[in-house]
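In: Sharing a model prediction with you, sequence too.
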Amino acid sequence: MKVSRFWAWATFIVGASYFFIPLIATFEFSLRMKRGEYSFEAYRVVFADPRFQATFGYSVVVAIFTILLGVLLVVPTAYWIRLRMPWLRPIVEFITLLPLIIPAIVIVFGYIRMYGSNSPLPFLASVRGTDVLLIIGYATLALPYMYRAVDTGLRTIDVATLTEAAQILGAGWVTIIGRIILPNVLIAVLSGAFLTFAIVIGEFTMASLLNRPAFGPYLQLIGANRAYEPAALAVISFAITWGCMSVIQVLSRFAPKSANNPN
Amino acid sequence: MADPFLSIQSVRKSFGNVAVVKDFNLDVDRGEFVSFLGPSGCGKTTMLRMVAGFEQPTSGTIKIGGKDVTYLKPNQRKVGMVFQAYALFPNLTVAQNIGFGLRVAGKPRAEIEARVKEMLGIIKLPDFGARYPYQLSGGQQQRIALARALAPSPALLLLDEPLSALDAKVRISLREEIRSIQKRLGITTIFVTHDQEEALSMSDRIVVMNEGRADQTGTPFEIYNKPTTRFVANFVGTLNVLKGTVVNAANGQVKIGDDTVMLDSDLGGRKAGDSVSLALRPEAVSLGRNDLRETSVAATISEVHFLGSVIRVRAKVGDNSVSLDTFNDPSAPPPSAGSAAEISFARRDLMVLDD
């Protein structure tokens, strides 16, 4: 008993140090901008940098639209496949996995060829069009996570019977998806949304090659040119990620309860 | 007779080459409680789902209240349905579940609240409005599901094996409750079940289904006592089948084992020397001679099961095995296996089965 406990703790400490030491070191380094004393000078510089505010704000907005697009695309698709076309599932699963296999750089070069200003769909001819294309591209990148999260959520409820119960009570498709299906897979959708957010905030390739002022290219720019600020930005990024996780934890307490999820 | 409220005419349903419902005809009067009874795979649920609108018939018509609804979507039929798996919405409270249909119909809030309260009273769960489905037992969930189906005042109530998932005690109390609510509201109801006891105890009429067809339609009394096909006779209740040979078709003489018995019923065109299958309910057979049961035949006791108040006896008559029940008599010990005995029955209780 005692021995196994010792090894459990030892494993935990090794794992935790692997994770925390670089983080602590980065944090410590980020505090040393002023010679001879610890200060939050690097953070002050970063937060005061208008480019930080602009790029971060831009990425957050893009992330929100990406999540909306992802939910609108994935929830009805995954629902319909579960309900009416289960034979299509392996094919759709394969398609949703493609973004993991095809590098973002390949996708973005494809976009540039397909949607250039001379093409029938000239997304890249305007700034707004490029933003839309970026959001579509991000939704594609997030597809493997979003689809899996939602599909797993749908597995926990009896989709077919709940649909029929709602139908016989007079509900149409929008009501069924909006009031019955979506609320019951909300936790799954939220975890998919969180993963999407994390991907979009740090994404570099697409934003850089489409020349949009996102947070990823800004991180790269600062990292190449400054000493202390990149460390501060890394810590900020971690804080944001953890913040997202806590928000999801809190939200899940208000989530609908079911026999499978009684707490 | 007034026009039937629900009318199912020549309905046929095939999935690919397999016909699961064949030439189904049924008229149901307003306020009637009709059961579809049959083994699994007999097409009873498919027929119910066609009435609900979840499936469309390959041919035939379905009319509710005189209106052809054959190809109408389920959400336009104003039909209530209760499912075997309850199917309460897990994200909504009991009150929201019951009020769902009214909310979808755009009813004012006050009206929904009043109706939900009324329904909770009817199902005798008045204080359960704020709970979630996962906090309820199976029986409670199914009562909520019934209230949800009834809240929008549907014209027709469909029950798809609503008691199958419940344990025996709850099943019996809930079936009485469903029947009494149904009678009180006077709502036309179709009830699908594979449980003959449920069908016999609850229904005004029963449709016994076999391989996609309605084998027999009648009151529980008719179905049990006058089955018209061998399938119905076998499926509903326990049945003893006696193989015999026609001795004289004109006066109904049939030889069973070593004895010859006289029949009241028509032999259906059989001639002397033809074989015939006769059926007898266990409760129509008694051990020994009986003043009310004029026919008796020689038998050998093969098994005796003492069940307390009832003793179930199996006896051999020729090659046939006959099951019969007798009440326990404290002053007389039960017969022993292997002993010779006489069994008696009334000839009017013998049913001639179609082959």
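Out: Structure's in. What do you need? Keep in mind that what you see is a predicted model, and the values were worked out from it rather than measured.
In: of all of the stretch 51-200 of chain B, which residue lies closest to chain A?
Out: residue B:91 (3.1 Å; Cβ to the nearest Cβ). Yep, even glycine has a C-beta here, placed from its N, CA and C like the rest.
In: isn't that residue right next to residue A:182, touching?
Out: No - Residue B:91 is beyond contact range of residue A:182, at 9.1 Å (criterion: Cβ atoms under 8 Å).
In: ends of stretch B:302-310, how far apart?
Out: Length of stretch B:302-310, first residue to last, Cα to Cα, to the nearest Å: 17 Å.
In: picking that back up, residue B:91 and residue A:182: which is more packed in?
Out: Higher neighbour count among residue B:91 and residue A:182: residue B:91, with 23 against 18, using other Cβ atoms under 10 Å in any protein chain shown.
In: Can you verify the more buried one is assigned to a helix?
Out: No - counting by DSSP: H, G, I helix; E, B strand; the rest coil, one finds residue B:91 to be coil, located in no helix.
In: So it versus residue A:186, what's the distance?
Out: Residue B:91 is 8 Å from residue A:186, where distance means Cβ to Cβ, to the nearest Å.
In: Up against chain A, what does the stretch 101-250 of chain B have?
Out: B:101, B:104-105, B:132-134, B:145, B:148-149, B:152, B:158 (Cβ under 8 Å from any Cβ of the partner chain).
In: Centre-most residue in chain B?
Out: Closest residue to the average C-alpha location of chain B: residue B:199 at 2.9 Å, with Cα atoms, centre = their mean.
In: From what I see, that one and residue B:206 are in contact.
Out: Yes - the criterion here is Cβ under 8 Å, and residue B:199 meets it with residue B:206 at 5.0 Å.
In: Can you work out which residues contact both of the two?
Out: Common neighbours of residue B:199 and residue B:206 (criterion: Cβ atoms under 8 Å, 6 or more residues apart in numbering or on different chains): B:35, B:37, B:220.
In: And the pLDDT at the first one?
Out: Residue B:35 carries a pLDDT score of 93 in this model.
In: and if you look at the last one?
Out: In this prediction, residue B:220 carries a pLDDT score of 92.
In: what number of residues lie near it?
Out: Using other Cβ under 10 Å: residue B:220 sits among 19 other residues.
In: again with the first one
Out: For residue B:35, the count of nearby residues is 27 (other Cβ under 10 Å).
In: does the spatially most central residue of chain A count as helix, strand or coil?
Out: Centroid check for chain A by Cα atoms, centre = their mean gives residue A:196 as the closest residue, at 1.6 Å. The three-state assignment at residue A:196 reads helix, by three-state DSSP.
In: Show the contacting residues for it.
Out: Listed by Cβ under 8 Å, 6+ apart, the contact partners of residue A:196 are A:63, A:66-67, A:70, A:138-139, A:142, A:145-146.
In: now those residues: which count as buried?
Out: A:63, A:66-67, A:70, A:138-139, A:142, A:145-146 (16 or more other Cβ atoms under 10 Å in any protein chain shown).
In: Give me the buried positions along the lowest-mean-pLDDT helix or strand in chain A.
Out: Least confident helix or strand of chain A, by mean pLDDT, DSSP states H and E, is helix A:229-253 with a mean of 81. Across helix A:229-253, burial judged by 16+ other Cβ under 10 Å covers A:229-237, A:240, A:244.
In: Tell me where the stretch 51-200 of chain B has strands.
Out: With DSSP state E, counting those that start in this stretch, the ranges of strands along the stretch 51-200 of chain B come out as B:59-64, B:67-68, B:79-82, B:156-160, B:188-193.
In: and these, which is most packed in?
Out: Highest mean neighbour count of these: strand B:79-82, a mean of 27 (counted as mean count of other Cβ atoms under 10 Å in any protein chain shown).
In: returning to that earlier point: from the shared contacts of residue B:199 and residue B:206, which single one is nearest chain A?
Out: The closest of these, once distances to chain A are taken by Cβ to the nearest Cβ, is residue B:35, at 19.5 Å.
In: Now do the SS call for the closest one.
Out: Strictly by three-state DSSP, residue B:35 counts as strand.
In: Correct me if wrong: it contacts residue B:197.
Out: No - using Cβ under 8 Å, residue B:35 is not in contact with residue B:197; the gap is 11.1 Å.
In: Residue ranges in the chain under the pLDDT threshold?
Out: No chain specified, so I'll use chain A. A:1-2, A:251-263 (pLDDT under 70).
In: that's the wrong chain, I wanted chain B
Out: Short version for chain B, where the test is pLDDT under 70: B:1-2, B:355.
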